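A.B. asks: Sequence and predicted structure, then a few things I'm wondering about:
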Amino acid sequence: MPIDYYIYLSVILFSIGVTGVLTRRNAIIVFMCIELMLNAVNLLLVAFSKMHHARAAVSDAATSIGTDGQLFVFFIMVVAAAEVSVGLAIIVMMYRNVHNVDINFLNRLKN
Amino acid sequence: MNLIIISGLLGVLLMFTGVFVKNKRTISYVAIAAVLFALIANTAELQGHDWFNINAAAQMLQPNTLGLLMNEIMLLSCLIYFILSGRAIEQVGEFVADYYALIFFILAGVGIVTSFTNLLMLFLGIEIISIPLYILTGSDKRNLKSNEASLKYFLMGAFSTGLMLMGIALIYGGTGSFELSRIQTAQVSYNLVGGLLLLFCSMLFKVSGAPFHFWTPDVYDGAPTVFTSFMATIVKVAAFVAFIHMFDATHGFIGRKYQLMVSIIIALTLLFGNITAVFQQSVKRMLAYSSIAQAGFMLFALFAFTPIAREAIVLYGAAYCFATIGIFAVLVKMEDYTYDGFNGLAKSEPLLALLVTVFLFSLAGIPLTLGFFSKYYMIASALSTGGQYLWLVILAMLCAAVSVYYYFRVIQAMYFKPGVGQTIEHTVPFKVALVALAAMVLIFGIMPQALLQFLYF
């Protein structure tokens, strides 16, 4: 399959994520949209990694080019997990205080 | 490498100290000793003694002189910050050792972002800095403002991480590598340029440059004041070092358009930061906006990429860290954060008022303080690229003039407004550290070469 399809798919996923972050008002959904952005990036990295590998494998079948992209994906997963744990803790902390997870609530800080 | 490994270990040490030691004061002393040790380790590396040579194969991290010198400045600031604000950290909550441990983890991240040669390390370093900061911002659990600041910071930070990762993925698609040296020599493609632009945007988020500055005032205002002091100084300077390191290697791709883009960003950041700061009533919020304005000046180092710009970022990082930590150390102890809270402080606390005046002079860029030479070098670096961006230099000078207004309102309140000044309880180490900080601002302000020589020898 050509690389273009993967790029289009992950750009679409990424754009859905960005749109969600900018328009949705529920903190949990905003958070899920951020995760969607990260996963779009994961897909793109794996696709590119495969592409670079396939290109290099033409001349050298045992090449290791392209593995670093897949390694990066694991790092993104680990960091995303760390972020989730901190982020959910923050949202729970806020829910305990105001019994609400609405983002509009945040604008009170401006005054 | 010394800083990364040692401050990571010291963070774990501090966590265990919290388990075994219940006395908060003792934990602060342990933290001060620990950061002193990290400072010594980094000094050793600056002198060429790398204790942990485990980097031979992959070369993802390569310490350079600029990065090590900035580490040195940040660690020194952190040491003084612990001495000045230790008591305030103890008052934030009951988990004092954990706050210190998180700060040490952030310092490990600082060590990474000042020495990376691989985008993987840039990403990890930025995240190691950011994630503990979300926790520190929300550490005042019962305070609603702190909660909101923390949630806002977290959502914005995670969003900018997403942008950064998309940028890195596109760069990888365009070049087939994460290494800066390979990216530098790669062919220009749409993927590469688009990725660099996304990376640029996400780094602008981290250093709070316009148009991605909007989270800064709310977060800095909502966070506990001690941690605002840390966030606004050490973390911001570290992000700048990473930013400069990244685009020093790769800005050639975007070519002459790059300077136009950066000049517009600098102009917006300066205008927004300075003009909004004028209208603030709270000194804490004014300092948050002033940190945006100062970031505008620091962005000049990204504009020029000349040797003068390197010297300028060293001076500016030092001037900004020292002065802001000094002011925050006094602000933490104030009962009233508005300008009126400072009324008559010169009568009740003449020494503190004098020292705060020195720090404010430095932030405003008055001669004989470090702030003057740091601004001078920034402007000189912009001018050294040629005359076509003269409008930017003139705008920067005008903005510096505007900044004098809101900094001097504090001085006016302290010296010329009637009022019974608040008495501030302070210990001998507090006074000594604050005087030492002011002395450094003045000495380096007279002899900036004393600081800059470390870049070359």
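C.D. replies: Right, received. Where do you want to start?
A.B. asks: And the residue nearest the centre of chain A?
C.D. replies: A:Leu38 (0.7 Å; C-alpha atoms, centre = their mean).
A.B. asks: Now for that one: which residues touch it?
C.D. replies: Counting by C-beta atoms under 8 Å, 6 or more residues apart in numbering or on different chains, A:Leu38 makes contact with A:Ile76, A:Ala80, B:Thr161, B:Gly162, B:Leu165. The way it works is simple: take the backbone N, C-alpha and C, and place the C-beta from them, glycine included.
A.B. asks: Can you pull out the low-pLDDT segments for chain B?
C.D. replies: Residue ranges of chain B with pLDDT under 70: B:55-58, B:252-256.
A.B. asks: Close to chain A: what parts of it are there?
C.D. replies: Residues of chain B lying close to chain A (C-beta under 8 Å from any C-beta of the partner chain) are B:120, B:123-124, B:127, B:131, B:134-135, B:138, B:141-142, B:144-145, B:147-152, B:154-155, B:158-159, B:161-163, B:165-166, B:168-170, B:172-173, B:176-178, B:218, B:221-222.
A.B. asks: and whichever residue of chain A sits closest to chain B, what element?
C.D. replies: With C-beta to the nearest C-beta, the shortest gap between chain A and chain B falls at A:Met37, namely 3.6 Å. Assigned by DSSP states H and E, A:Met37 falls within helix A:27-57.
A.B. asks: following that helix, which helix or strand comes up?
C.D. replies: Helix A:27-57 is succeeded, C-terminally, by helix A:67-98 (DSSP H and E).
A.B. asks: quick one: buried residues of that following helix?
C.D. replies: By neighbour count with 16 or more other C-beta atoms under 10 Å in any protein chain shown, helix A:67-98 contains the buried residues A:68-69, A:72-73, A:76, A:79-80, A:83, A:86-87, A:90-91, A:93-94.
A.B. asks: Of the residues you listed, which are in range of chain B?
C.D. replies: Near chain B, taking C-beta under 8 Å from any C-beta as the test, the members of the buried residues of helix A:67-98 found are A:Asp68, A:Gly69, A:Phe72, A:Ile76, A:Val79, A:Glu83, A:Val86, A:Gly87, A:Ile90, A:Ile91, A:Met93, A:Met94.
A.B. asks: Which pair of the residues you listed spans the longest distance?
C.D. replies: Comparing every pair within those by C-beta to C-beta identifies A:Asp68 and A:Met94 as the most remote, at 38.2 Å.
A.B. asks: hang on, the earlier thing: pretty sure the residue of chain A closest to chain B contacts A:Phe14?
C.D. replies: Yes: contact between A:Met37 and A:Phe14 holds when scored by C-beta atoms under 8 Å: they sit 5.5 Å apart.
A.B. asks: what do those two both touch?
C.D. replies: Common neighbours of A:Met37 and A:Phe14, counting by C-beta under 8 Å, 6+ apart, are B:Gly162, B:Met166.
A.B. asks: Can you list the neighbours in contact with stretch B:399-419?
C.D. replies: Under C-beta under 8 Å, 6+ apart, the answer for stretch B:399-419 is B:270-271, B:273-275, B:277-278, B:280, B:283, B:286, B:290, B:293, B:296-297, B:339-340, B:342-346, B:353, B:356-357, B:360-361, B:363-366, B:375, B:421.
A.B. asks: sorry, back to before: I'd like the contacts of A:Leu38 laid out as TSV, including distance to B:Met15.
C.D. replies: Compiled in TSV, the contacts of A:Leu38 are given as follows (distance: C-beta to C-beta, whole Å):
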residue	distance to B:Met15
A:Ile76	26
A:Ala80	23
B:Thr161	25
B:Gly162	30
B:Leu165	29
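A.B. asks: which of those lies closest to B:Leu84?
C.D. replies: B:Thr161 (31.5 Å).
A.B. asks: model confidence over stretch A:10-27, on average?
C.D. replies: The average pLDDT for stretch A:10-27 rounds to 93.
A.B. asks: now that stretch, how far from the centre of its chain.
C.D. replies: Put simply, stretch A:10-27 sits 10 Å off its chain's centre (C-alpha atoms, centre = their mean, to the nearest Å).
A.B. asks: Burial check on A:Ser15, number of neighbours?
C.D. replies: As a burial measure, A:Ser15 scores 13 neighbours (other C-beta atoms under 10 Å in any protein chain shown).
A.B. asks: Secondary structure class of it, three-state.
C.D. replies: helix (DSSP: H, G, I helix; E, B strand; the rest coil).
A.B. asks: Contacts only, for B:Val207.
C.D. replies: B:Lys236, B:Ala239, B:Phe240, B:Phe243, B:Ala295, B:Met298, B:Leu299.
A.B. asks: again, 6 Å this time
C.D. replies: Residues near B:Val207 by C-beta atoms under 6 Å, 6 or more residues apart in numbering or on different chains: B:Ala239, B:Phe240, B:Ala295.
A.B. asks: what residues does chain A put near chain B?
C.D. replies: Counting by C-beta under 6 Å from any C-beta of the partner chain, the positions of chain A adjacent to chain B are A:14, A:21, A:30, A:34, A:37-38, A:41, A:44-45, A:48, A:52, A:68-69, A:72, A:79, A:82-83, A:86-87, A:90, A:93-94, A:97, A:106, A:109.
A.B. asks: rerun that using 7 Å as the cut-off
C.D. replies: A:14, A:17, A:21, A:27, A:30, A:34, A:37-38, A:41, A:44-45, A:48, A:52, A:65, A:68-69, A:72, A:75-76, A:79, A:82-83, A:86-87, A:90-91, A:93-94, A:97-98, A:106, A:109-110 (C-beta under 7 Å from any C-beta of the partner chain).
A.B. asks: before we move on, back to that, residues contacting the residue of chain A closest to chain B?
C.D. replies: Taking C-beta atoms under 7 Å, 6 or more residues apart in numbering or on different chains, we find A:Met37 in contact with A:Phe14, A:Gly17, A:Val18, B:Gly162.
A.B. asks: what's the answer for B:Leu39, then?
C.D. replies: Applying C-beta under 7 Å, 6+ apart to B:Leu39 gives the contacts B:Leu75, B:Leu76, B:Leu79.
A.B. asks: Same question for B:Thr423.
C.D. replies: Residues near B:Thr423 by C-beta under 7 Å, 6+ apart: B:Ser348, B:Glu349.
A.B. asks: That one and B:Leu352, how far apart?
C.D. replies: To B:Leu352, B:Thr423 is 10 Å away according to C-beta to C-beta, to the nearest Å.
A.B. asks: B:Asn71 too?
C.D. replies: In terms of C-beta to C-beta, B:Asn71 sits 30 Å off from B:Leu352.
A.B. asks: between the two, who's got more neighbours?
C.D. replies: B:Asn71 (29 against 22).
A.B. asks: I'd say the more buried one and B:Gly109 touch.
C.D. replies: No: in this structure, B:Asn71 is not within contact of B:Gly109 by C-beta atoms under 7 Å, at 11.5 Å.
A.B. asks: Tally up the residues packed near B:Ala242, please.
C.D. replies: Per other C-beta under 10 Å, the neighbour tally for B:Ala242 reads 27.
A.B. asks: so where does it fall, helix or strand?
C.D. replies: Element membership for B:Ala242 (DSSP H and E) is helix B:236-250.
A.B. asks: Which positions within stretch B:86-100 qualify as buried?
C.D. replies: B:Gly86, B:Arg87, B:Ala88, B:Ile89, B:Glu90, B:Val92, B:Val96, B:Ala97, B:Asp98, B:Tyr99, B:Tyr100.
A.B. asks: Out of those residues, which sit inside strands?
C.D. replies: Judged by DSSP state E, strands contain none of the buried residues of stretch B:86-100.
A.B. asks: want to try a markdown table for those residues, with distance to B:Leu192 as columns?
C.D. replies: A markdown table is the format used below for the buried residues of stretch B:86-100 (distance: C-beta to C-beta, whole Å):
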| residue | distance to B:Leu192 |
| --- | --- |
| B:Gly86 | 47 |
| B:Arg87 | 50 |
| B:Ala88 | 46 |
| B:Ile89 | 44 |
| B:Glu90 | 49 |
| B:Val92 | 44 |
| B:Val96 | 46 |
| B:Ala97 | 45 |
| B:Asp98 | 42 |
| B:Tyr99 | 41 |
| B:Tyr100 | 41 |
